[in-house]
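Peer 1: Have a look; sequence and predicted model below, questions after that.
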Amino acid sequence: MNPWPFVAGAYWVAITLTVGLLVWAYASMRRAEAATDALKRK
Amino acid sequence: MHALANPARFLRIARPATLWLFLVGVVLAVGGMAAGLTLTPPDYLQGETVRIMYIHVPSAWLGMAGWGGIAAASVSQLVWRHPLAAVAGRALAPAGATFAAICLMTGSIWGRPTWGTWWEWDGRLTSMLVLFFLYLGYIALASAERERGGEGRITAIYGLVGAINLPIIHYSVLWWRTLHQGESIGLTGSTIDNSILWPLPLTMIGFTCLFAAAALMRMRAELAEAKVEARMRRMSA
């Protein structure tokens, strides 16, 4: 059995989920902090 | 801990820390994974699939450490009523769930060529799956309690009760000897040869920094949302 598709698949899963988590966390932080700034300006 | 009880003081530290944790995390995680894929020799038994270890072990550690953090935040909330404890618990849960999922999926992918099966209901795999479901329950409970305007005490109790699963995961390979191998890395040393082992500390520290950066970003988001909600309430009153 060729092991490389399994190795590549495992790394793809780890990288995709980690990047997804970081992008979601960053986007939610930016959205919430922008809303606070907008309210402050009002 | 109590020095950080003031959200403004916490944010002064969290803002630069988020960026630095992210940058250090990216460098170490990418460097460790690249080294693990290209610079280490294949294992004499597992062959090339041993390279999955460099992502599987950090994700297992972070899946468990995330719940350890939730348990610590729960104690802090229930005993000392730390104002940021509930926020920390809610911020840790999605990151912990993500790494528990990575651990389960990469372990399953490693199991197919090594054990000949994607899944086996052995002690370690089952207790890790239970941890993942505990995370989902925590996220749902915290969200429901927050919507109802609760202080998060029920969620904190759930976080403490769920910590019972951590020693079960850790000792499962000793209590029930099935497919999953025993402990190969401990506090006193490792049974893995150094030529294969050396990129693992890089990915361990790298993914831990990324986990911490994600948790800090979620805490900042929660604090900003709470500030908006409080201001909206004041404006409508």
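Peer 2: Now that the structure is in, tell me what you want to look at.

Peer 1: other SSEs contacting the longest helix along chain B?
Peer 2: Longest helix of chain B, by residue count under DSSP state H: helix B:199-236. Taking 3 or more CB pairs under 8 Å, 6 or more residues apart in numbering or on different chains; DSSP states H and E as contact, the helices and strands that helix B:199-236 lies on are helix A:4-41, helix B:7-38, helix B:53-80, helix B:85-115. In short, each C-beta sits where N, CA and C put it, glycine included.

Peer 1: could those go into a markdown table alongside distance to residue B:213?
Peer 2: A markdown table is the format used below for those (distance: least, CB to CB, whole Å):
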| stretch | distance to residue B:213 |
| --- | --- |
| helix A:4-41 | 7 |
| helix B:7-38 | 4 |
| helix B:53-80 | 12 |
| helix B:85-115 | 9 |
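
Peer 1: Just name the most buried of these.
Peer 2: The highest average neighbour count among these, using mean count of other CB atoms under 10 Å in any protein chain shown, belongs to helix B:85-115 at a mean of 23.

Peer 1: Report the mean per-residue pLDDT for it.
Peer 2: Helix B:85-115 shows a mean pLDDT of 96.

Peer 1: Next secondary structure after it?
Peer 2: Scanning the chain past helix B:85-115 towards its C-terminal end, the next helix or strand to appear is helix B:123-147 (assignment: DSSP states H and E).

Peer 1: That following helix vs helix B:53-80, what angle?
Peer 2: Note on geometry: by axes from the mean of the first three to the mean of the last three CA atoms, to 10 degrees, helix B:123-147 and helix B:53-80 are set 40 degrees apart in direction.

Peer 1: Identify the residues contacting helix B:123-147?
Peer 2: B:60, B:63-64, B:66-67, B:70, B:86, B:89-90, B:93-94, B:96-97, B:100-101, B:103-104, B:107, B:119, B:152, B:154-155, B:158-159, B:162, B:165-166, B:168-169, B:172-173, B:175-176, B:178-180 (CB atoms under 8 Å, 6 or more residues apart in numbering or on different chains).
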